[in-house]
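S.K.: 3D model of this:
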Amino acid sequence: MRGRCRSCGEPIPAGYPLVELGNAVLWVLAGLRFGADPVIIPYLVFFSVLLVLSVIDLELYILPNKITYPAIVVSALAVPVAALAVDNHGGAMWGALIGGVGYAGFLLVVLLAYELIVHKDGMGMGDIKLAVILGIWVGFLQPFLVLFALIAASVIGLVVGAAILAVRRSSQPYPFGPWLALGAVVVILFSRQILDVYGF
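M.R.: Predicted coordinates:
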């Protein structure tokens, strides 16, 4: 189609096929991590939701409630079902609960403290809602991994923020949601290695 819409002939933005390619890459990586384990199904959906939210946040600086709220509800309903596919299903459910509440709770405390001390807006509540979803699916594997997801997100966000600051030459705000999501994805993909190193 030479980069044009089949129906109207308008040029197709490069972002569309890039998002589709990104989703395919995430699914392949999830396949490498989980193999034929049935638990891969919610993680495929989870990765796709994170990609959608990240793209929206990068473009519009918002994590829409129309996606985050249903994602939280679906995650809460899916965890008990997914837990049946793992040996320690009770531990997986408790891990998801601890991860979701712990991750979101920590970021909420950081947000409130920042606004109280600096008197400026920091992260938005959308990031807190995203942290609930991230904490659920990272904690499902092992709640200890939530700490690594936070560290990974902070490091990635710091590096990206420094690069943006160097390019823009100004301290304009930038979204943190995509780096929260990327940190969680990286930790999930390398969760076996991390848990082996720390004896879990």
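
S.K.: need the pLDDT of the residue nearest to Val186 when sequence neighbours are not counted.
M.R.: The shortest distance from Val186 to any non-neighbouring residue, by CB to CB, 6 or more residues apart in numbering, is to Ala152 (5.2 Å). Any C-beta I mention is one placed from the backbone N, CA and C, and that applies to glycine too. Here, the pLDDT recorded for Ala152 equals 96.

S.K.: which element follows the least confident helix or strand in the chain by mean pLDDT toward the C-terminus?
M.R.: Here the helix or strand of the chain ranked lowest by mean pLDDT, DSSP states H and E is helix 145-168, holding a mean of 89. Past helix 145-168, heading to the C-terminal end, the next element that is a helix or strand (DSSP states H and E) is helix 177-189.

S.K.: angle of the helix or strand where Val28 lies against helix 177-189?
M.R.: Using DSSP H and E, Val28 sits in helix 15-34. Between the axes of helix 15-34 and helix 177-189, defined by axes from the mean of the first three to the mean of the last three CA atoms, to 10 degrees, the angle is 30 degrees.

S.K.: list of residues touching helix 15-34?
M.R.: 40, 43-44, 47-48, 51, 55, 185, 188-189, 191-192 (CB atoms under 8 Å, 6 or more residues apart in numbering).

S.K.: if we go to 6 Å?
M.R.: 40, 43-44, 47-48, 51, 55, 189 (CB atoms under 6 Å, 6 or more residues apart in numbering).

S.K.: and if you look at stretch 47-59?
M.R.: 19, 22-23, 26, 30, 63, 67, 71, 175, 177-178, 181.

S.K.: list the buried residues for the helix or strand in which Ser54 is found?
M.R.: For Ser54, the host element (DSSP H and E) is helix 40-60. For helix 40-60, a neighbour-count test (16 or more other CB atoms under 10 Å) marks 40, 42-43, 45-47, 49-54, 56-57 as buried.

S.K.: still on that earlier bit, could you identify the most distant pair in the contacts of helix 15-34?
M.R.: Spatial extent of the contacts of helix 15-34 (CB to CB) is set by the pair Ile40 and Val55 at 22.6 Å.

S.K.: excluding its backbone neighbours, what's nearest Phe144?
M.R.: In space, Phe144 is closest to Phe200, 6.5 Å off (CB to CB, 6+ apart).

S.K.: neighbours of that neighbour, just the number please.
M.R.: Counted with other CB atoms under 10 Å, residues neighbouring Phe200 total 12.
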